[in-house]
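K.L.:
The sequence and its predicted three-dimensional model are supplied below.
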Amino acid sequence: MTWLSFSNQRSLADLTDREVLALAIQVEEEDSRVYRDFAEGLRKPYPASAHVFVEMANEENEHRRRLLDLFQERFGNHIPLIRREDIRGFIKRKPAWMMQSFDIAAVRQQAETMEAEAQRFYINAAARSTDPAVRKLLGDLAAVEAQHEALATRLEQNISADAKKQESDTARRMFVLQIVQPGLAGLMDGSVSTLAPLFAAAFATQDTWATFLVGLAASVGAGISMGFAEALSDDGSLTGRGHPWIRGLVCGLMTTLGGVGHTLPYLIPHFGIATGIAVAVVIAELFAISYVRARYMDTPFLRAAFQVIVGGLLVFATGILIGNA
């Protein structure tokens, strides 16, 4: 079915010089607007990078002006509407206005892709042009794009040390809000809340397979519950916590992982060995949670370990007591 997707597209080699210039004008205008969208989306969290994108937008506008002047000189004032999606070979990309959040790394990567694509376009268009003036301008623009350094390097060179630190701190806060916090909440819930039903089933039945099924059901059920609860807690528009369904997915997966970790040992038929390994896994999980809290939530490790381990031991003991009742 691939041929169907190309049925309404043309090859760059099939375009006349007039059509190539019209396409180049449209590409430069679109790229300029994309860079301005990037700048607007980054203005509050990353003001220094936003300023660089404004400068890049202005540069694309200058390219557009030079193309317009040559088009009017050669072909008059009417410019046919030829878009990049009408031509085979251009990379399809998500419009900036559809981006839920402006992650600085993702924005830089997309901008680098845009620059590389523009360079290839001008090189190929210049190579096939028969008009000397058109060929010269396209070649000049290709050279300009080729002289551009990597976007990440350009941003680093144009941003002060204080601005870099501020943007790094902002990126870290966003990562904590959007990934670490929901993931940690899920891991804590999955690791702790499933202890009681798992070990209650273990000591009540002494059956490893039945215990595994109880633990698996508790883990998956907790993951679904926590995932929906996190996704529906807020839409992230005011708190800056990111897309709700991404947070819900992270939270749900980590909740399930937290429960499955100490459930898997019960696939071992020997009850004593399975229980010993499960207890070791629980201890490792609690220390992992303590480390993450200390690393990202600015909680001293000993305090985090005390809080998490005491809570986990209480739930663990509850499950054993109920299972032996």
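P.N.:
That came in fine, so what should we check first?

K.L.:
contacting residues for the residue nearest to Val144 when sequence neighbours are not counted?
P.N.:
Once its chain neighbours are removed from consideration, Val144 has its nearest residue in His63; the separation is 7.4 Å (Cβ to Cβ, 6 or more residues apart in numbering). Using the backbone N, CA and C atoms, a C-beta is placed for each residue, glycine as well. Taking Cβ atoms under 8 Å, 6 or more residues apart in numbering, we find His63 in contact with 28, 141, 144.

K.L.:
Give me the distance between the second one and Asn124.
P.N.:
When Cβ to Cβ, to the nearest Å is applied, the distance between Leu141 and Asn124 equals 12 Å.

K.L.:
what do you get for the last one?
P.N.:
The gap separating Val144 from Asn124 is 16 Å, by Cβ to Cβ.

K.L.:
coming back round to it: neighbour count for Leu141 and Asn124, which is higher?
P.N.:
Neighbours per residue, other Cβ atoms under 10 Å: of Leu141 and Asn124, the larger number sits with Leu141, 22 against 16.

K.L.:
Look up the closest residue to the more buried one, ignoring the ones flanking it.
P.N.:
Residue nearest to Leu141 in three dimensions, not counting chain neighbours: Tyr122, with 4.7 Å by Cβ to Cβ, 6+ apart.

K.L.:
for the contacts of His63, which one is nearest Ala39?
P.N.:
Proximity to Ala39 was ranked across these by Cβ to Cβ; first place goes to Glu28, at 16.5 Å.

K.L.:
Spit out the contact partners of Gly258.
P.N.:
Neighbouring residues of Gly258 by Cβ under 8 Å, 6+ apart: 186-192, 194, 219, 285.

K.L.:
what's the farthest-apart pair in those?
P.N.:
Considering Cβ to Cβ, no two members of the contacts of Gly258 lie farther apart than Met188 and Ser219, which are separated by 13.4 Å.

K.L.:
Neighbour count for those two, which is higher?
P.N.:
Set side by side, Met188 and Ser219 show unequal neighbour counts under other Cβ under 10 Å, the larger going to Ser219 at 26 against 22.

K.L.:
ok, and the closest non-adjacent residue to the more buried one?
P.N.:
For Ser219, ignoring the flanking residues on the chain, the nearest one in space by Cβ to Cβ, 6+ apart is Gly259 at 2.8 Å.

K.L.:
Secondary structure class of the residue nearest to Val144, three-state.
P.N.:
Assigned state for His63: helix (three-state reduction, DSSP: H, G, I helix; E, B strand; the rest coil).

K.L.:
how close does it sit to Ala24?
P.N.:
Here the criterion is Cβ to Cβ. By it, His63 lies 8 Å from Ala24.

K.L.:
could I get the contacts of His63 as a markdown table with secondary structure?
P.N.:
A markdown table is the format used below for those (three-state DSSP):
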| residue | secondary structure |
| --- | --- |
| Glu28 | helix |
| Leu141 | helix |
| Val144 | helix |
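
K.L.:
so which one among the residues you listed has the lowest pLDDT?
P.N.:
Lowest model confidence among the contacts of His63 falls on Val144, which carries 77.

K.L.:
burial measure for it, as a count.
P.N.:
By the other Cβ under 10 Å criterion, the neighbourhood of Val144 contains 15 residues.

K.L.:
and it, how far is that from Glu59?
P.N.:
Taking Cβ to Cβ, one finds Val144 at 8 Å from Glu59.

K.L.:
before we move on, back to that, and which of the contacts of His63 is nearest Leu321?
P.N.:
Each of the contacts of His63 was checked against Leu321 using Cβ to Cβ; the closest is Glu28, at 71.9 Å.

K.L.:
measure that closest one to Gln206 for me?
P.N.:
When Cβ to Cβ is the yardstick, Glu28 and Gln206 sit 73 Å from each other.

K.L.:
ok, these two, which is more surrounded?
P.N.:
Glu28 (22 against 13).

K.L.:
Could you find the closest non-adjacent residue to the more buried one?
P.N.:
Per Cβ to Cβ, 6+ apart, closest to Glu28 is Arg64, 3.9 Å.

K.L.:
and if you look at Glu230?
P.N.:
With sequence-adjacent residues excluded and distances taken as Cβ to Cβ, 6+ apart, Glu230 is closest to Cys251, at 3.9 Å.

K.L.:
That neighbour touches Gly186, doesn't it?
P.N.:
Yes. The pair Cys251 and Gly186 qualifies as a contact (Cβ atoms under 8 Å) at a distance of 3.9 Å.

K.L.:
Identify the contacts common to those two.
P.N.:
What both Cys251 and Gly186 touch, as defined by Cβ under 8 Å, 6+ apart, is the set 226-227, 230.
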